[in-house]
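1. Following is a predicted model, sequence given first.
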Amino acid sequence: MDMHLSSNNGPVVELNEANLLNAGPAKERLVVVGNGMAGMKTVEELLAKAPGRFDVTVFGAEPHPNYNRIMLSPVLAGEKTFDQIVLNSREWYDANGITLLTGEPVEGIDREAKTVLSQSGRVVPYDKLLIATGSMPFIIPVPGSTLPGVIGFRDLADVDAMLAAAAKGGRAVVIGGGLLGLEAANGLRVKGMEVTVVHLMPTLMERQLDQSAGMLLQRELERRGIEVLTGADTAEIVGDEWVSAVRLKDGRELPADIVVMAVGIRPNMALGKAAGLECGRGIRVDDQMRTSDPSIYAVGECVEHRGVTWGLVAPLFEMAKVLAHDLAGGEGAAYTGSVTSTKLKVTGVDVFSAGDFSGGEGTEDIVFRDAARGVYKRLVLKDGKLLGAVLYGDTKDGAWYFSLLKDGADVSAERDTMIFGQGFGGADAGDPNAAIAALPDSAEICGCNGVCKGTIVKAITEKGLTSLDEVKAHTKASASCGGCSGTVERLLAVTLGDGFTAAPKVKPMCKCTHHTHDAVRAAIVDRGLKTMAEVFQAMEWTTPDGCASCRPALNYYLLCAWPGEYRDDYQSRYINERAHANIQKDGTYSVVPRMWGGLTNAAELRAIADVVDKFAIPTVKVTGGQRIDLFGVKKEDLPAVWADLNAAGMVSGHAYAKGLRTVKTCVGSEWCRFGTQDSTGLGVKLERMTWGTWTPHKVKLAVSGCPRNCAEATIKDLGVVCIDSGYELHVGGNGGLHVRACDLLVRVATEEEVLEYTGAFMQLYREEARYLERTAPWVERVGLDHIKAALVDDPERRRALNARFLFSQTFSQDDPWAERAAKGVDRHEFNLLAEVG
Amino acid sequence: MENAAPETAISETVWTQVGSVDDIPVLGSRVVRTPGGDIALFRTAADEVFALEDACPHKQGPLSQGIVHGRRVTCPLHNWVIELATGEAVAPDEGRTGHVPVRVEGRSVAIALGEAKLSRGGCRKACGHV
């Protein structure tokens, strides 16, 4: 058969049915609607399997030959030209005898007559019809979404529109922080526009990346000058004749010269639907890509297969292969769905994801972070098989992981080392020591300091090193981030054999990290880490989102280090601090209003009595801290209880907080015949200054009016004992599990000095103690001399500490009850999701 | 439109809509009140939703008030760690809390109360924790 008979010029004459019938032995006529990647891949596969079997006519709505749509991003970024992404030139169509009709959308199918009708009125008959109409960008139906200047990101025309806008400079808002949106944002930024990405979800590319990788990606894009707004919901696109801004639901308005809408795609199934083919979210096809009409096939993004629609190229190609096999007369081929992987096409940003990384019953995570190189890798395993992978910063093993994942290979043998990649070791991969032994001398062990295996082994043998610290001192390996210390220890073990005993480990913060509390805190301050995700990455956490032990600690450390800047992480707080009340054994809560210095009055007591009646609160108890505790309050009643207490002028007593609890006082000189100073008044002043602060653990203060010490000030975290000549300050006491009497810190003459010392002591404790360490064990650990050196011997440091304390207090003295009772903050915490049955 | 499954079709799973995924904070929880007791719905960082009986196998602490991490929750009363997918306590603790099947369609969350494997009190017999 001659494949070169088709005309190179106007195809109209050849498409006359009579002509075709006269053309010789009956060749089946295949009409392809859609000149995109899926349709043309099918034709290519068909030509390879059964050349000349069909007379092929291809309709394309766009005026171009078939091009590589996934390379539009590099075209936008100016890294490729359109010619470089053309897959099949017009010459190719001619050479293969394919009639190509571009710029000619198909409008209808007559299934009875087996013809298609194009927009220009052309009627073309078929024996087999292939619908490959792809997808359309989903335009969110907000007001203004049809304004000129709102662009999708789907075809070359969109790219041209973006390039034309970019040539004028100005601002672009990209709605959608998924794959396409970020590629568009990067391209527009490269072209010189000011770009803001508006993304509905809390992290970027949440369908492909986990939180950690999403956060790293966001930081990198921000470094490139792209503004990223997550958790941002578009309310309206503003403009008269052209877009001028995007308004968010929270009221923010972002000026925009163009808006790129890249929130997702929708199968383009209009043609199939109009022809009466069975459709769901796309045109429904079986495993052979047949629609409900046996003469009509569909392939690519326009189909729904087994309830799933696809928007990545690999599944389309798999469908195309199956269909070509079937069209070529083959049997037994079936498309059964795809396992997919994604890469972000932004130059210099390596992101890879594959499979299911959300975890699942019985799954386990292997997490690797190399802070120095900006690498994050996470593998999800189940039953000895790889289920999913997320890679950031180093994606060279993506293909290997993907093939293990697709094949469902048993990876139990590689489990311990596979996170390091395919090139790791080569020896018995199940034994990490053997894997280390098999590394070449040139293998880099310490990425921070560029130390190779050979250098370390040489130092160990020649200098007789036997410990990690010695290797650190001699070679600098593991001296920076410490991420390779485990590898260095293994090297010691391998090199020395029995001569090596691992050094006793300092206790890490929790199972998520090998770093201590102190090391993590130091890094937060020294390296300017300002979010939990940054800490996880920089300190190489081995879990994706920490645990119930490290998260509250990190939240506190960040809050303490960056007052006013760090945004408190609600979900990293214990329930008492989320609910601003104390959970009791039956799941109810207790409520303690503040009584400044232990003082109260008739109005407050009356309001408390009313609240007790109104909410049928079963138990009312006077606490050891001189205030009143209301027990058995239902959680959903909390905001209403607070509203009533607020109305009487009372605020939260923070009886639930790792923070300032009470300032216990005696009556002092105002009433007591022994009192030397106004202990109650001073107590009120201290409480007004320190309330609302967050500390490593709870803090209790007291002021006694004379050395008889009725306020028990010498077993408090900080106790003031008034004396004739002034005030004694005592610190580090505790009346709890291990009773510890305070140490005397200093004697001062004035109330002002008491306040300054108190602020400075609080801040020193806030900055130096480990989370959940009370002042008593802290003072014992660091020694009283250390505290005296900072506060007594160094007035400048004392004043600086006090100033930092007062500064942080400017952000913490809002009554959390009022915020929740009156302003509705965290309303979800106190409401049921639903009530059923 | 078809009607909901008739009540006689007991073999058919009955799904009860309880809200949207977005109503549950990421790494947080919300409570659904049912005649059989409270059910805690959890949302992980990976946007998965799980449902457990809102009672720790140890001393019935409300798991909905705990801290969610990975696919686990730590009970607010005594720090037992419970697997969200199974309700099993993580070793060395032993016990199991009832779990309820969850279906997420789009953003909408439904639970199958009829299929719930509730174990209130069961642990006490099984492992002696009171």
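-> Yep, that arrived.
2. in the chain, which residue is closest to the centre?
-> Here I'm looking at chain A. residue A:211 (2.4 Å; C-alpha atoms, centre = their mean).
3. To clarify, I was referring to chain B.
-> Centroid-nearest residue in chain B: residue B:52, 1.4 Å away (criterion: C-alpha atoms, centre = their mean).
4. Just the element for it, please.
-> strand B:49-53 (DSSP states H and E).
5. Next up, the contacts around residue B:64.
-> Neighbouring residues of residue B:64 by C-beta atoms under 8 Å, 6 or more residues apart in numbering or on different chains: B:29, B:30, B:31, B:38, B:40, B:41, B:42, B:54. Every C-beta, even on glycine, is put in place using the N, C-alpha and C of the backbone.
6. partner residues bridging the closest residue to it other than its chain neighbours?
-> Once flanking residues are discounted, residue B:64 sits nearest to residue B:40: 3.6 Å by C-beta to C-beta, 6 or more residues apart in numbering or on different chains. Going by DSSP bridges, residue B:40 is paired in beta bridges with residue B:31, residue B:52.
7. Now do residue B:40: how many residues are near it, please.
-> Neighbours of residue B:40 under the rule other C-beta atoms under 10 Å in any protein chain shown: 26.
8. Next: the one 3 residues further on.
-> Summarising burial for residue B:43: neighbours were counted as other C-beta under 10 Å, giving 24.
9. Hmm, residue B:29 and it touching each other?
-> Yes: the pair residue B:43 and residue B:29 passes the contact test of C-beta atoms under 8 Å, sitting 7.4 Å apart.
10. Name the residues contacting each of these two.
-> With C-beta under 8 Å, 6+ apart as the test, residue B:43 and residue B:29 both reach residue B:68.
11. Name all residues that make contact with the residue nearest to residue A:658 when sequence neighbours are not counted.
-> In this structure, residue A:658 finds its nearest non-sequential neighbour in residue A:697, 5.4 Å apart by C-beta to C-beta, 6+ apart. Applying C-beta under 8 Å, 6+ apart, we find residue A:697 in contact with A:658, A:769, A:771, A:772, A:773, A:774, A:775.
12. Name the SS class of the fourth one, please.
-> Right, the one you point to is residue A:772. Of the three states, residue A:772 takes coil under DSSP: H, G, I helix; E, B strand; the rest coil.
13. so what's it up against?
-> Contacts here follow C-beta under 8 Å, 6+ apart; on that basis residue A:772 touches A:553, A:658, A:696, A:697.
14. could you redo the last one with a cut-off of 10 Å?
-> By C-beta atoms under 10 Å, 6 or more residues apart in numbering or on different chains, the contact list for residue A:772 reads A:517, A:549, A:552, A:553, A:556, A:658, A:696, A:697, A:698.
15. what are the C-alpha coordinates of stretch A:788-806, in PDB please?
-> Provided in PDB are the C-alpha atoms of stretch A:788-806 (Å, rounded to 0.1, in the frame of the first residue of the first chain):
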ATOM      1  CA  LYS A 788      23.600  35.700  90.000                       C
ATOM      2  CA  ALA A 789      26.200  36.400  87.300                       C
ATOM      3  CA  ALA A 790      23.500  37.300  84.800                       C
ATOM      4  CA  LEU A 791      21.200  39.300  87.100                       C
ATOM      5  CA  VAL A 792      23.100  40.600  90.100                       C
ATOM      6  CA  ASP A 793      26.700  41.100  88.900                       C
ATOM      7  CA  ASP A 794      25.800  42.500  85.400                       C
ATOM      8  CA  PRO A 795      23.300  45.300  85.800                       C
ATOM      9  CA  GLU A 796      23.400  46.000  82.000                       C
ATOM     10  CA  ARG A 797      22.500  42.400  81.200                       C
ATOM     11  CA  ARG A 798      19.700  42.500  83.900                       C
ATOM     12  CA  ARG A 799      18.200  45.600  82.300                       C
ATOM     13  CA  ALA A 800      18.500  44.100  78.800                       C
ATOM     14  CA  LEU A 801      16.800  40.900  80.000                       C
ATOM     15  CA  ASN A 802      14.000  42.900  81.600                       C
ATOM     16  CA  ALA A 803      13.600  45.000  78.400                       C
ATOM     17  CA  ARG A 804      13.200  41.800  76.300                       C
ATOM     18  CA  PHE A 805      10.700  40.500  78.800                       C
ATOM     19  CA  LEU A 806       8.600  43.700  78.700                       C
END
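16. Next, the buried residues of that stretch.
-> By 16 or more other C-beta atoms under 10 Å in any protein chain shown, the buried positions in stretch A:788-806 come out as A:788, A:790, A:791, A:792, A:798, A:801, A:802, A:804, A:805.
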